[in-house]
Structures are given as C-alpha cells and as structure tokens.
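1. Next input, structure requested:
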Amino acid sequence: MEMTVDFPGGVKVDAHFGNFTISTDQPIAGGGEDTAPSPYILFLASLATCAGYYVLSYCKQHQLPTEGIRLVQSMQADRATGHLDTVTIEIQVPPSFPEKYYNALIRSAEQCKVKKSIENPPAFEVHTKVIA
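-> Numbers count the residues shown, from 1 in each chain. Now for the predicted structure:
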C-alpha cells in the first residue's frame, strides 16, 4: 500500500490512498484553522475505532446484539515529557448484554492491529528523493 501526502494550505496535511483522502489540520493554538483532526488525534482515534471493529466483529460472528455497546477511550500522558503513557479502552455494554461474553469482548478488542503495531513497532525509514 502507498499513501501520497500533500499540503493543501495553511498547516493542513492530507493523505491520499485508494479512493480516500484523510484531511488533517492543527488547532488554532497550533497555528491551524481547526478544520479537521490533527494527525495525533487521528492516531488515537485509530486505536479506538480498531478496537471497536474487533468488538463489532465478535458480536456479529456470535450473533450478539450491538445496540447500546460503545467504547470509551481515555489517554494519560507523562506529565514530565508529555508523551502518551496509558491508553484505557472501556467497553460499555447495556444491562441486557450477557455477562458471560464480557471477557470475550476484551480479548476481541485486544486483537486490534493498530495496538499490535504499537506493541511491536515497525522499523522506520525516512529519506528524500529528487523528482523531475
């Protein structure tokens, strides 16, 4: 897979791949117009939505109702460095959801590919190339 990134103006940065474009911006305090999420917020959202996908898939596979289920993600940063320290994902279920599936929902969320990529990070290579 390949993504192309360009700069549509201001501090906006867009990623293009397949039939999709993901737009990002910075908050006003960061010099942006706050017209789209920042790349970091998209990264955090990718964790929550990935976990959500796996919970949804488990429920569909086992014919469990998904009405009333939601995930709430919270993040804590190290006060000294500002770096992300802890990500907590809470899977909220309605009272009618069978308790015997709670742990299975947790195991499903833990299969998230984004989470696994952070736990076992890839090598990064960054270089420049002159194009004509």
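2. How many residues are close by Phe97?
-> Residues contacting Phe97 under the criterion other C-beta atoms under 10 Å number 19. Yep, even glycine has a C-beta here, placed from its N, CA and C like the rest.
3. Strands along this protein, start to end?
-> 4-9, 12-17, 20-24, 70-77, 84-92 (DSSP state E).
4. Pull up the gap between the residue most central in space within the chain and Pro27, please.
-> In the chain, the centroid-proximal residue (C-alpha atoms, centre = their mean) is Ser46; its distance is 1.1 Å. Remark: distance between Ser46 and Pro27 (C-beta to C-beta, to the nearest Å) = 19 Å.
5. And this structure, what are its domain boundaries?
-> Here the domain parsing of the chain from automatic domain parsing is 1-36, 38-119.
6. Which among the ones you listed is found nearest to Thr128?
-> Closest to Thr128 of the domains of the chain is domain 1-36 (C-beta to C-beta; 13.8 Å).
7. Kindly check the end-to-end length of that closest one for me.
-> Domain 1-36 stretches 24 Å from its first residue to its last (C-alpha to C-alpha, to the nearest Å).
8. again with stretch 14-28
-> End-to-end for stretch 14-28, by C-alpha to C-alpha: 18 Å.
9. what does stretch 29-37 give?
-> Stretch 29-37 has an end-to-end distance of 13 Å (C-alpha to C-alpha).
10. Please tell me how far it is from the chain's geometric centre.
-> Remark: stretch 29-37 is offset 19 Å from the chain centroid, using C-alpha atoms, centre = their mean, to the nearest Å.
11. buried stuff in it?
-> Using 16 or more other C-beta atoms under 10 Å as the test for burial, stretch 29-37 gives 32, 36-37.
12. Stretch 69-81 too?
-> 69, 71.
13. neighbouring contacts of the helix ranked longest in the chain?
-> Taking DSSP state H as the criterion, the chain has its longest helix at helix 39-61. The contact list for helix 39-61 (C-beta atoms under 8 Å, 6 or more residues apart in numbering) reads 13, 22, 24, 37, 64-66, 69, 71, 73, 75, 87, 89, 91, 104-105, 108-115, 118.
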